[in-house]
Structures are given as C-alpha cells and as structure tokens.
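# sequence first, then the predicted structure:
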Amino acid sequence: MKHLGELDEGKLHVQFDVEGAGEALSFTLPRTLAYLLRGDLVAESYVPNRKNRDRRTFVRHCASLLKMRVEVKNRIHALLDKYGLSYDFTDLFSKEGLEWLHSLNLPASDDHILKSNLQILQTLNEEIRNADIQIAKDAVDMEQAKLLMTMPGVDYYSAMLLLAEIGDIKRFSSPKKLVAYAGLAPGMRSSAEKTVRGHITKEGNKHLRWILVEAAQHASRYDPKLQSFYNRVSARRGRHRAIVGVARKLLVSIYHVLNRNETYHGQRHELLERKIRNLQRIVDSSLQSKRDNQT
C-alpha cells in the first residue's frame, strides 16, 4: 500500500498495489478513515493472489455441481417414494440402476419429470468428471495437497478446496483463529457471572465449513481417536453436534499439518497410498484419453 499526496480538505488520496490487478488502484478517503490510515490504525485485509483466486473459483464451481447433483438425486428418490417403488440395487445410480430408472413408466407428467432429471443427472456427471480431472491435475504436483491427504476423510478434491479457502496458513496466528474463520467456534452468551456456550456461529467461510463437515463424516468412521470422540459426544449431545466437533478437531489438525509442513500424526499409510494411486490414475487416464483423441 502506498500513500499519494497529503491530507487535503479532510481527504487523503491513497494508492493500493493489489497483486494480480494489473495496475494500481486509487481511492479518495474521507477525513476519519484518512486519519486512521495515516496512523497505521487500519488492519490489513487478506487478498489471495490471482492463482489462488482462480483455484478457489474453480473448486467452488465443482462444489456447486456436486450439490446440484445431490438435489437431482433427491428429486428422483422422491418420485420413487411417491409411487412406492423399491429396488435391490446397492447404488440406485449405478449402471444397472440407471437402466432400471429409464425403463420405468410413470404417469405422463411424472414420467417427464423423471426423464428430465435423469438427463440433467447425466449432464452433471459429465461436467463433474471434467472438473474432477482438472482438479486432480493441479493436486498431483502440490505437496501441500498430499500432506492434507494423509488425514482421514480428505482426498485430493477436499484437499484442494481446503487449500483454496484457507489460503496462506501463516495469516492465522493460532488454530483458534482458523476455527473462527470457518464458523466452527461455539457461540458464547454471557449474563452476569454466567457464560453459556451455544451452537456454532456459522459466521465464517461456508465453503470451508461444508467440506470439513463432509470430511468429518468419513473421519469419524475410520480414525480411531476421532471415532472414539464422535461416539462419546454423540451419546451425550447427538449426532449433529458430534460431527461438528469432529470437523473442528480436523481443522485444528489441518492447521498444524500446514503450519509445520508435516504429515498427520494418525495417518494410515495404506490409505494414503490408495489415495495417491487413485489421483495418479485419474491424471494418467486423462492424458491417455487426450492422446487417443489426437490419433
């Protein structure tokens, strides 16, 4: 940040050098803000660089596609429930399940809705697959992504989303600050000498909070320590609060993994190797497909 000119009639002309903006941005500030800025009393705001902004935009786009797919699947399930239709497939949206769905003959209006949702689902699957390949290509060369993949419930996609949303870990002076940024800190209400801890604030980064809750659902099943914590809290306070508690613990571990640049202390080597092989398989498959298209 650079100051240009002096305080003139209650205004101060300043210039900001923003990385990736291509040029300096100039503003004229009112008297009060000008005095605060002149005395270095205005806290600096974090602005991610252009590369991280582009990565954040893309992984958020992929997250929105995933949420849209869940909504479409829920609509299809609702139609089946409406007519009491059952199935024996483990996965309704597997190849066999989709063939069965296409073979159904519902009343005209609902049949049209079903076929429309199946077409939307096919389009979303293709878009998610393409986005997934791009994210995998970025992740395969990122050491920080591989560090996060040593954690339970974190694959290459969630690792890339975490990195994009957190940005530079050094901007958080403690795990508590990162937890607050994600909106996973419990709310506090004080009255006289009594302080009550309530639900999480949900005032932070909703994308970061979403992926942490998703990861926590897997981690609570496969990490022994987190599973023990989940079972203990779930028995006393319910499943939802237990998952949020696991998400908060995961985020504290993420802080230390990134800050110390070291692997997760409870990593399972065979699980990590499987994640890395899957990541490499997606990248290799994409490259092979590209070569086949060129021949």
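Nice, I can see it.

# tell me the mean pLDDT over the strand or helix carrying L162?
Using DSSP states H and E, L162 maps to helix 156-166. In this model, helix 156-166 has an average pLDDT of 95.

# how much distance is there from that helix to the middle of the chain?
6 Å (Cα atoms, centre = their mean, to the nearest Å).

# which elements pack onto it?
helix 50-82, helix 108-139, helix 143-148, helix 206-222, helix 239-260, helix 269-294 (3 or more Cβ pairs under 8 Å, 6 or more residues apart in numbering; DSSP states H and E). From N, CA and C alone the C-beta is placed, and that goes for glycine too.

# figure out which of the ones you listed is closest to F229.
helix 239-260 (6.5 Å; Cβ to Cβ).

# Y157: which of the helices and strands packed on helix 156-166 is closest?
helix 108-139 (5.6 Å).

# could I have stretch 98-109 exported to CSV, CA atoms only?
What follows is stretch 98-109, C-alpha atoms only, in CSV (Å, rounded to 0.1, in the frame of the first residue of the first chain):
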residue,chain,number,x,y,z
LEU,A,98,-29.9,-46.1,-14.2
GLU,A,99,-31.1,-48.7,-16.8
TRP,A,100,-33.9,-49.6,-14.4
LEU,A,101,-34.9,-45.9,-13.9
HIS,A,102,-35.0,-45.4,-17.7
SER,A,103,-37.3,-48.4,-18.0
LEU,A,104,-40.0,-47.1,-15.6
ASN,A,105,-43.3,-46.0,-17.0
LEU,A,106,-44.8,-43.5,-14.6
PRO,A,107,-47.9,-41.3,-15.3
ALA,A,108,-47.3,-38.8,-18.0
SER,A,109,-46.3,-35.7,-16.0
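
# in it, what counts as buried?
The neighbour-count check on stretch 98-109 (16 or more other Cβ atoms under 10 Å) flags 98, 101, 106 as buried.

# mind checking which helix or strand the first one is in?
When you say that, I think you mean L98. helix 95-103.

# which residues sit against the helix holding L162?
52, 55-56, 59-60, 62-63, 132, 135-136, 138-140, 142, 144-146, 148-149, 154, 172, 178, 181, 205, 207-208, 211-212, 214-215, 254, 258, 275, 278-279 (Cβ atoms under 8 Å, 6 or more residues apart in numbering).

# filter those down to the buried ones, ChimeraX style.
Selecting only the buried entries of these in ChimeraX, with 16+ other Cβ under 10 Å as the criterion:
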select :52,55,56,59,62,63,132,135,136,138,139,140,142,144,145,146,148,149,154,172,178,181,205,207,208,211,212,214,215,254,258,275,279
